[in-house]
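A.B. asks: What follows is a predicted structure for the sequence shown.
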Amino acid sequence: MRSVIIGGGVAGFAVGAALRDSNLGSASVLVERRPSGSPGGMGFILMPNGLRALDQIAPEIDWRGAGRVVDEISLRSAGGAVLSHHPIAPAVCVGRMSFLNLLRSAARTTALREGHGVVELERRDDDDGSTAAVRLEDGSSIEGDAFFACDGAASRVRNMMFPEAQLSEVVVKEIVSVAHAPQLAARLGSTFYKFHDEEGGLAVGMLAESETRVVWFIQFDAARWALAHGGAERLAHFAAERTAGWSPEIREALEQTDFTQSHLWPTRDLPPLAELAQENLALVGDAAHACLPFTSQGANGALVDAAVLQDLLGGARTRADVARAFRLYSEIRRPHHRRMFMEGRRLRAEFLAPMPSGGPCVPLVA
């Protein structure tokens, strides 16, 4: 049996790794429209649920050694005063490209086809309405028995399956980047720092990804501050202007950032779907449950999706087996997706409001 995986991000390679020892992984192919090395996010926080999923999917890899352990979070004022300090269950901050390379190596039986996206789903002539193949931008088709739409929040495949499902409007934007800052990384250690404007709607987060690199981001209310595009000079000016007079750690990170490698992310979420699959085609990761970054569950949710699919598809031998497994997958994962949607909205509302007297809440959801 052949699996066709659409999308070469965390979800796509995690599914490839999850299927590698199954009947469905023997001839799997992953389709990615962007070439290798295309820009994207700077890093991920692998939460305990994501780490458990990785241990199941590819136990031969030391996932906790793939980045820097994060076991505390320090919530601070814009000037750097500590508002609260919290121990957290150990997580890991990993660089995006190094993490994807590890996942790609784990998906060792999956062939990679890059440079052409999916433009059409080709259905079977029989009555079950299952997918027979995907047609690519170059006019070629790839046939399969199981199809996994892992093509991100702006999923083309989801739009073909459920055209009524639309991403929300942009309320919060993020500038995400990385600084080559060994001294700052040493001072951060295993602590995630987040600085907040008392008036709400503006925050800066940073954490060490390695001994030399610091991943940082600026979240801001898109209605208060217009920033429509993200050229390097414009991003650098905006970041410096918004954080003028803030804690010295922020100035240090900005001074050691190459803003040509930074990008602007308009954050959007997806209202919960009634179903995550149609017959032998399933939505995975952000294509199924795009959530707001305040939860830190985007990549982790995709990893758990892959682990659940590994359990359900291990014995699949026919397309009917696949369809049954996908129905169970939808039933199992939809409650979690609804909870992440609601938690993301709650955390966003708190972020946009003036800081409460008790200080900001912890921006991570288990």
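C.D. replies: Cool, the structure landed. What you are looking at is a predicted structure, and each value in this text was computed from that prediction instead of being measured.
A.B. asks: From the contact counts, what lies against the helix or strand hosting residue 322?
C.D. replies: Assigned by DSSP states H and E, residue 322 belongs to helix 319-352. On a contact count with 3 or more C-beta pairs under 8 Å, 6 or more residues apart in numbering; DSSP states H and E, helix 319-352 meets strand 172-180, strand 277-278, strand 281-283, helix 286-289, helix 298-313. C-beta coordinates here come from the backbone N, C-alpha and C atoms, glycine included.
A.B. asks: Compare the ones you listed and give me the one nearest residue 147.
C.D. replies: With respect to residue 147, and counting by C-beta to C-beta, the nearest of the helices and strands packed on helix 319-352 is strand 281-283 at 4.3 Å.
A.B. asks: Indicate each strand paired with the closest one and its parallel or antiparallel sense.
C.D. replies: The sheet places strand 281-283 alongside strand 146-149 (parallel), strand 277-278 (antiparallel), with pairing taken from DSSP bridges.
A.B. asks: Reformat the ones you listed into TSV and put mean neighbour count, distance to residue 32 and mean pLDDT next to each item.
C.D. replies: Converted to TSV, the strands paired with strand 281-283 look like this (neighbours: other C-beta atoms under 10 Å; distance: least, C-beta to C-beta, whole Å; pLDDT from 0 to 100):
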stretch	mean neighbour count	distance to residue 32	mean pLDDT
strand 146-149	31	13	98
strand 277-278	24	21	96
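A.B. asks: Turn those into JSON lines, columns for distance to residue 140.
C.D. replies: Compiled in JSON lines, those are given as follows (distance: least, C-beta to C-beta, whole Å):
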{"stretch": "strand 146-149", "distance to residue 140": "16"}
{"stretch": "strand 277-278", "distance to residue 140": "23"}
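A.B. asks: Looking at those strands, which is nearest to residue 250?
C.D. replies: strand 146-149 (38.4 Å).
A.B. asks: how about the very next helix or strand once past that closest one: buried residues?
C.D. replies: Downstream of strand 146-149, the next assigned helix or strand under DSSP H and E is helix 156-161. Neighbour-count burial for helix 156-161 flags 156-158, 160-161 (criterion: 16 or more other C-beta atoms under 10 Å).
A.B. asks: which outside residues touch the longest strand anywhere in the chain?
C.D. replies: The longest strand of the chain (DSSP state E) is strand 82-95. The contact list for strand 82-95, computed with C-beta atoms under 8 Å, 6 or more residues apart in numbering, reads 42-48, 51, 63-64, 66-77, 178, 192, 196, 207-210, 213, 215, 359-360, 362, 364, 366.
A.B. asks: The same query, at a cut-off of 7 Å, please.
C.D. replies: Residues outside strand 82-95 that contact it (C-beta atoms under 7 Å, 6 or more residues apart in numbering) are 43-48, 51, 63-64, 66-77, 207-209, 213, 215, 359-360, 362, 364.
A.B. asks: again with stretch 212-220
C.D. replies: By C-beta under 7 Å, 6+ apart, the list of residues contacting stretch 212-220 reads 42-43, 93, 95, 172-182, 184-185, 188, 201-209, 239, 242, 253, 351.
A.B. asks: Could you turn the buried ones of these into a ChimeraX selection?
C.D. replies: Of the contacts of stretch 212-220, the buried ones go into a single ChimeraX selection, burial set by 16+ other C-beta under 10 Å:
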select :42,43,93,95,172,173,174,175,176,177,178,179,181,184,185,188,201,202,203,204,205,206,207,208,209,239,242,253,351
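A.B. asks: sorry, back to before: looking at the strands paired with strand 281-283, which is nearest to residue 300?
C.D. replies: strand 146-149 (17.7 Å).
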